[in-house]
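In: Sequence below, structure please.
(chains A and B)
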Amino acid sequence: MNKDFIISWKVAGISLGLLLIVATALVKPLGVSTQFVVTDGMVAHQVAPEFAESNTYLAKYGEADDWGVGYGWMLVFGMVVGGGVTAQLLRRRQPDADKGSMPELWKATFGPSQTKRYLASFFGGVLLLFGARLAGGCTSGHMISGISQLALSSFIFGVITFVSAILMAKFLYRGRA
Amino acid sequence: MSTLIIGFLIGCAFGAILYMGGATSYRRILGTLLLKDMWIIKLMMTAIGVGSLGIYLLDMNGLAHMAVKPAYVWGIAIGGAIFGIGWAVAGYCPGTCVVGSAEGKKDAIFTLLGALAGAFLFSLAFPFLEAKLIEPANFGAVTLESILGINGIYIALPFSIAMLFVAFFVLKDRYE
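Out: The predicted structure follows:
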């Protein structure tokens, strides 16, 4: 019987806190959601440069690194490499319950349809980034980095996001204990 | 140039921690949101407890590169509410959908694609939303330090202890 995790929340939480301190000392705190805009901007600038330059929001982030990659984008690219490599190396140690694209809880409630799960994932993703950009950050930039800097904006984001997510989760899984 | 390499290395560690710590797991995320398995919230509070103390210790010595986001109440409240719904539906946040995609989880890849679409939609709506929700009621990039007018370390120290205390001793998993 495998244990139920690869590293505990304590080890993960302390490591993440230390990583945040290193990042803040060297360059700046952690953040992810801005890079979705940067990526959109890079693609848009390749496909339709005039459109990209006239879109105030894409231009605001795109022009900062001349429509190319900067520190923040390399950080997210690093997450792909670091997450992907560790996942390959530690696959056998990952608990079965954490594997795959059809979580047990989802399947028990919404059935085995993969289409349904992928559609929900896609629209969840749309809401995630629309909301994150409106609020100015996500779990990493606002909650972890922002609250650690004692930023008022991030306390507001953290409270509202958790309340909203808990209500939505309770609604999705209503009727289940 | 070296900033790019530092970013890449920090990202590698970030991705590895999220994967190994179970943060890309639907059961862990929804467990916390259904208030049953507190794994994710305990992980986050521990990171914030360590991070806040470290950042303000750096700041005391003039070594912190802070990046405080402005507090525009309406945009953050509405954006946070939308984000929360997406978080519960997808079971990922922007960072964990990147790592989940790298793991090869297809639902994470769909979340990632949706996220790119959501960011694009926002860029189209930005001029309108900026005037309505971002410019009004904007209190600027304020922190508890600047609001209370006392040195941040005196807030960060008790805050850090409180976060770690709640994560380690108060929050308990509840299984049926």
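
In: Around the closest residue to B:Ala64 other than its chain neighbours, how many other residues sit close by?
Out: Leaving aside its sequence neighbours, B:Ala64 sits nearest to B:Leu58 (C-beta to C-beta, 6 or more residues apart in numbering or on different chains; 3.9 Å). (Each C-beta comes from the backbone N, C-alpha and C, glycine too.) The tally of other residues near B:Leu58 (other C-beta atoms under 10 Å in any protein chain shown) stands at 17.

In: OK, contacts around B:Leu58?
Out: Contacts here follow C-beta atoms under 8 Å, 6 or more residues apart in numbering or on different chains; on that basis B:Leu58 touches A:Ile21, A:Thr24, A:Ala25, B:Ala64.

In: Please pick the buried ones from those.
Out: A:Ile21, A:Thr24, B:Ala64 (16 or more other C-beta atoms under 10 Å in any protein chain shown).

In: how about the helices in chain A?
Out: Here chain A has its helices, by DSSP state H, at A:9-26, A:34-47, A:49-54, A:56-62, A:71-90, A:104-110, A:114-135, A:147-148, A:152-172.

In: Quick check: which of the ones you listed is buried the most?
Out: Per-stretch averages of neighbours, counted by mean count of other C-beta atoms under 10 Å in any protein chain shown, single out helix A:147-148 among the helices of chain A, with a mean of 26.

In: what's next to it, contact-wise?
Out: Residues contacting helix A:147-148 (C-beta under 8 Å, 6+ apart): A:Gly17, A:Leu20, A:Pro29, A:Ser154, A:Phe155, A:Gly158, B:Ala47, B:Ile48, B:Gly51, B:Ser52, B:Ile55.

In: can you put those residues in CSV and add distance to B:Ile155 and pLDDT?
Out: What follows is these, written out as CSV (distance: C-beta to C-beta, whole Å; pLDDT from 0 to 100):
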residue, distance to B:Ile155, pLDDT
A:Gly17, 17, 98
A:Leu20, 17, 98
A:Pro29, 17, 97
A:Ser154, 14, 98
A:Phe155, 12, 98
A:Gly158, 16, 98
B:Ala47, 18, 98
B:Ile48, 13, 98
B:Gly51, 14, 98
B:Ser52, 9, 98
B:Ile55, 12, 98
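
In: Pull the most distant pair out of the residues you listed.
Out: A:Gly17 and A:Phe155 (17.6 Å; C-beta to C-beta).

In: if I pick the residue sitting nearest the centre point of chain B, what's in contact with it?
Out: Nearest to the mean C-alpha position of chain B, by C-alpha atoms, centre = their mean, lies B:Met44 at 8.2 Å. Contacts for B:Met44 (C-beta under 8 Å, 6+ apart) come out as A:Gly13, A:Thr139, A:Met143, A:Ile144.

In: what number of residues lie near the spatially closest residue to the first one that is not a sequence neighbour?
Out: Think A:Gly13. Using C-beta to C-beta, 6+ apart and skipping the chain neighbours, the partner closest in space to A:Gly13 is B:Thr46 (2.6 Å). Other residues lying near B:Thr46 total 25 when counted by other C-beta under 10 Å.

In: Identify the residues contacting B:Thr46.
Out: A:Trp9, A:Lys10, A:Ala12, A:Gly13, A:Ile14, A:Leu16, A:Gly17, B:Met163, B:Leu164, B:Ala167, B:Phe168.

In: now it, what's its secondary structure?
Out: Here B:Thr46 is recorded as helix under DSSP: H, G, I helix; E, B strand; the rest coil.

In: Would you mind measuring from it to B:Tyr56?
Out: 17 Å (C-beta to C-beta, to the nearest Å).

In: Below-threshold pLDDT in chain A: ranges please.
Out: A:1-2, A:177 (pLDDT under 70).

In: same question, chain B
Out: Using pLDDT under 70, chain B drops low at B:1, B:175-176.

In: between the contacts of B:Leu58, which is closest to A:Gly125?
Out: A:Thr24 (28.1 Å).

In: For the closest one, give me its contacts.
Out: So A:Thr24 contacts A:Ser145, B:Gly51, B:Gly54, B:Ile55, B:Leu58, B:Ala64, B:His65, B:Met66 (C-beta under 8 Å, 6+ apart).
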